[in-house]
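> Quick one, structure for this:
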Amino acid sequence: MNIKRAKQEIKDAIEAYLLRDERGDYVIPPVRQRPILLLGAPGIGKTQIMEQIARECRIGLVAYTITHHTRQSAIGLPFITHKEFGGREYAVTEYTMSEIVASVYGKMEKTGLKEGILFIDEINCVSETLAPAMLQFLQCKTFGNQAIPQGWIIVAAGNPPEYNKSVRDFDVVTMDRVKKIEVEPDYAVWKEYAREQNLHPAVIAYLDAHPGRFYQMETTVDGKRFATPRGWEDLSELLDVYEKLGKTADWEVAVQYIQHPRTARDFANYLELYKKYQADYQIDRILEGKVDELLLKKTAHASFDERLSVISLLLAKCAEAFRQAEEQDWLIQELFPRLQNFKALLREDGADPGDCMERIREDIWQGQEKKQQAELLTRREKRLYGQLLSLAEDYGRQLRQKEALTPEQALALVRTAFDSFQDAREERVQASGQMLEHAFDFMEAAFGDSQEMVIFVTELNTSPVCVRFLREYECGRYYQYNQRLLVNQAHRQLRSRIEELKGE
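Sure thing, here's the model as predicted:
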């Protein structure tokens, strides 16, 4: 299955394992809660989905790469204690608490989350001395003589033997005690994730044209040559930062991440063309509604790969505008109830408007810190919380600049500032919608009702941020072309079925 389906399967298992009955007991007792064994090629996102699952399920996460551990750190260190049996005292070997088990308790104390995921990566690549401890861990949910706390779900990940010479096969007894999920690379699923995470459009455009290069693993006389989703994502982040720094990423940079020299060189060449297309086609002018005939003629004579790149550039600009409007919407939704609280604080006797707004800012900060400690914040949410704090600080400055404000005057000042922010958000939505309309203008003038238009509409349908924006902004041509696309697809399926029946 693909990584998206695997993620949903793990979330469903966690929901089932953590369901309690009316007495507060787990409906599926811990002894029947099978550890989940996730098997798949390296770099396809096994570790990353665990972080997403923990945030979305609002539970803790403790992650270990077990190949970095010795037997002692996994099961604890031995020590001698004395116990009495049958009236006689004996020296008995016991073990200190495993570092891994201690980390689970530490996470519970730090975050306040009593349930979570214990994720063990590369579990089938351990040393010979550690292998028995891993079998015991999967079969009995213990490290040494220390049990994993109830409410903590075990998820382990490993690579198939063709990717790692150190892989050990688990016996049938162990495999019969786990919930095995096998994962395969899937570009379509990764692309949806890439759009949501705002990965560099050149990476997505290149892989759209060459999906077979999304995941490559070859054995040559010079060793392994490979390209993985993790490599493409990390390269994408570097490209974004390089652009801010005014630096150029060439083949020698690309091959540091995409360790398949032919693919790295091809991508570096494409990246140069992509930047050239960005300048030649004047994407910003197109989205302002300014298109000249020479540009349309150039588009008409362009290669198919070049046309795909232009479509990618248009979509990337539109998606960025949609994302900014969405973020402003998040800020409004978070700020509005807090300003209602500000109104209530002003009613207190002797309330100072500036101090009241400071209490609001402190509430925002504490909410952020609580989520931060529980490790439930994404990077995007951290940035948005920073903007939310800045808005509250700005309102506080405005209140302190006015002397002797009555509660009514203070509320009016803040309401005016908030209304201005809402108006700016509405203007951004309309401006973003106009960008999409201008993109359709260009697509119609350059390509008409062609496969390029089908690609453009399909990409809008598969980009999460575009889909969310189009739920609010009504774009007639989007629905028109989308409906036509669905009808044509139904016709193709019908014709295909008729051909199949003829051949039977």
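> which residues does the residue nearest to residue 363 when sequence neighbours are not counted contact?
Distance criterion C-beta to C-beta, 6 or more residues apart in numbering; nearest residue to residue 363, sequence neighbours excluded, is residue 338 at 6.5 Å. Bear in mind the C-beta positions are built from the backbone N, C-alpha and C, glycine included. The contact partners of residue 338, by C-beta atoms under 8 Å, 6 or more residues apart in numbering, come to 360, 363-364, 392.
> after the helix or strand hosting residue 338, next one along is what?
Assigned by DSSP states H and E, residue 338 falls within helix 304-346. Sequence-wise, the next helix or strand downstream of helix 304-346 (DSSP H and E) is helix 353-373.
> most remote residue from the protein's center?
residue 87 (60.5 Å; C-alpha atoms, centre = their mean).
> Could you report the pLDDT at that residue?
Listed pLDDT for residue 87 reads 86.
> Quick check: it vs residue 94, distance?
To residue 94, residue 87 is 21 Å away according to C-beta to C-beta, to the nearest Å.
> Could you double-check that residue 184 sits in contact with residue 5?
No: with contacts counted by C-beta atoms under 8 Å, residue 184 stays clear of residue 5, the gap being 10.0 Å.
> Pull the number of nearby residues for residue 145.
Residue 145 has 13 neighbouring residues, counting by other C-beta atoms under 10 Å.
> and if you look at residue 268?
Neighbourhood size, residue 268 [other C-beta under 10 Å]: 18.
> what angle do whatever helix or strand it lives in and helix 304-346 make?
Assigned by DSSP H and E, residue 268 belongs to helix 261-280. Orientation check (axes from the mean of the first three to the mean of the last three C-alpha atoms, to 10 degrees): helix 261-280 against helix 304-346 gives 70 degrees.
> Domains in this protein, by residue range?
Per automatic domain parsing, the structural domains of the chain span 3-72+100-184, 185-280, 304-504.
> Show the average pLDDT along the last one.
So the one you mean is domain 304-504. Throughout domain 304-504, pLDDT has a mean value of 85.
> ditto for the shortest one
Per-residue pLDDT values over domain 185-280 give a mean of 89.
> Give me the neighbour count for the residue nearest to residue 3 when sequence neighbours are not counted.
The spatial neighbour of residue 3 that comes closest, neighbours along the chain excluded (C-beta to C-beta, 6+ apart), is residue 45 at 4.9 Å. Other residues near residue 45 come to 23 when the count uses other C-beta under 10 Å.
> when you give positions from now on, start the count at 13
From this message on, residue numbering opens at 13, which makes the last subject residue 57.
> Model confidence for residue 57, exactly?
Here, the pLDDT recorded for residue 57 equals 83.
> quick one: the helices in the stretch 363-512 of the chain?
With helices called from DSSP state H, counting those that start in this stretch, the stretch 363-512 of the chain shows them at 365-385, 391-413, 419-459, 463-474, 476-484, 488-515.
> so what does the third one touch, helix or strand wise?
Counting contacts by 3 or more C-beta pairs under 8 Å, 6 or more residues apart in numbering; DSSP states H and E, the secondary-structure elements packed against helix 419-459 are helix 295-299, helix 305-312, helix 316-358, helix 365-385, helix 391-413, helix 463-474, helix 488-515.
> now do the first one
With contacts defined as 3+ C-beta pairs under 8 Å, 6+ apart, helix 365-385 has these neighbours: helix 316-358, helix 391-413, helix 419-459.
> Between these, which one is closest to residue 158.
Checking the helices and strands packed on helix 365-385 against residue 158 by C-beta to C-beta gives helix 391-413 as the closest, at 34.1 Å.
> Check what contacts that closest one and list those residues.
Helix 391-413 has contacts (C-beta under 8 Å, 6+ apart) with 339, 342-343, 346-347, 350, 365-366, 369-370, 372-373, 376-377, 379-380, 383-384, 389, 417, 422, 425-426, 429, 433.
> hmm, which of those are the buried ones?
Buried by 16 or more other C-beta atoms under 10 Å: 339, 343, 346-347, 350, 365-366, 369-370, 372-373, 376, 380, 383, 389, 417, 422, 425-426, 429, 433, out of the contacts of helix 391-413.
> Are we agreed that residue 130 is in a helix?
No: going by DSSP: H, G, I helix; E, B strand; the rest coil, the assignment for residue 130 is strand, not a helix.
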